[in-house]
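*Asks:* Need coordinates for the following:
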Amino acid sequence: MNGKEYSGLQRSSTDLLEIIFSRRSIRKYKDKEIPEEFLETLIKTGCCAPSAVNRHPCHFVIVRDKETLKAIASIACYDRMIASASACIVICGDKAIQGTEEFLIEDCAAATENILLAAHGIGLGGVWCGVLQRSVLHEHLVKALALPNKVIPLAIIALGFPDESPPLKERYDPQKVHWEKW
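*Replies:* The predicted model follows:
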């Protein structure tokens, strides 16, 4: 992988496990635009996520307009960092493609994680912002992004070049690992 081109990006020589273990939520961003090819690569990684029954119901809305980002942040009580992000990706699920709601949520979650890992791998910072169904934020996204009735927003990823470096925390807890039985 080291030194090879992929979609206009230099492939990272960073090991996949290192990317997974060093990724963390980034909520402060530099005032710097994300190149379009970076965003396209992130979407491609979301499309590579596994999908229940191989349905692939995910749609992605890329938002770069500052006023739209600020409007989303003003409604999302825990997601104020969206206002200072260079972009966000709204991950949506198509109910007509994946009829089982649980699978729809799982499919979109897998795509979200792929995008977050890829963002970290190419030098961007991101944070996963959940979208509660039937919330004010959900209704705002449906209207502001002109989503069709069959498409529901499930997550937002705020993105930008990191302007912070939070310390890594050990997340592994052997008390939560059960072999064979609880």
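*Asks:* top strand in this structure by residue count?
*Replies:* Ordering each strand of the chain by length in residues (DSSP state E) puts strand 151-160 first.
*Asks:* Just give the strands next to that one in its sheet, each with its orientation.
*Replies:* Next to strand 151-160 in the sheet, as set by DSSP bridges, lie strand 87-94 (antiparallel), strand 125-130 (antiparallel).
*Asks:* Can you name the residues in contact with the longest one?
*Replies:* Read that as strand 87-94. Residues outside strand 87-94 that contact it (C-beta atoms under 8 Å, 6 or more residues apart in numbering): 34, 39, 42-43, 46, 57-64, 69, 72, 82, 104-105, 107-108, 111-112, 115, 129, 131, 141, 145, 147, 150-160. C-beta here means a position set from N, CA and C on the backbone, and glycine is covered the same way.
*Asks:* Let's see that with 7 Å instead.
*Replies:* 34, 39, 42, 57-64, 69, 72, 82, 104, 107-108, 111-112, 115, 141, 145, 147, 150-159 (C-beta atoms under 7 Å, 6 or more residues apart in numbering).
*Asks:* May I see the buried residues of whichever strand or helix holds Leu17?
*Replies:* Per DSSP states H and E: Leu17 is located in helix 16-22. Going by neighbour count (16 or more other C-beta atoms under 10 Å), the buried part of helix 16-22 is Ile19.
*Asks:* which helices and strands does it pack with?
*Replies:* helix 101-121 (3 or more C-beta pairs under 7 Å, 6 or more residues apart in numbering; DSSP states H and E).
*Asks:* contacting residues around the helix it packs on?
*Replies:* Contacts of helix 101-121 (C-beta under 7 Å, 6+ apart): 12, 14, 19-20, 23, 41-42, 45-46, 48-53, 57-58, 89, 91, 93, 95, 98, 126, 128, 154-155, 157, 159.
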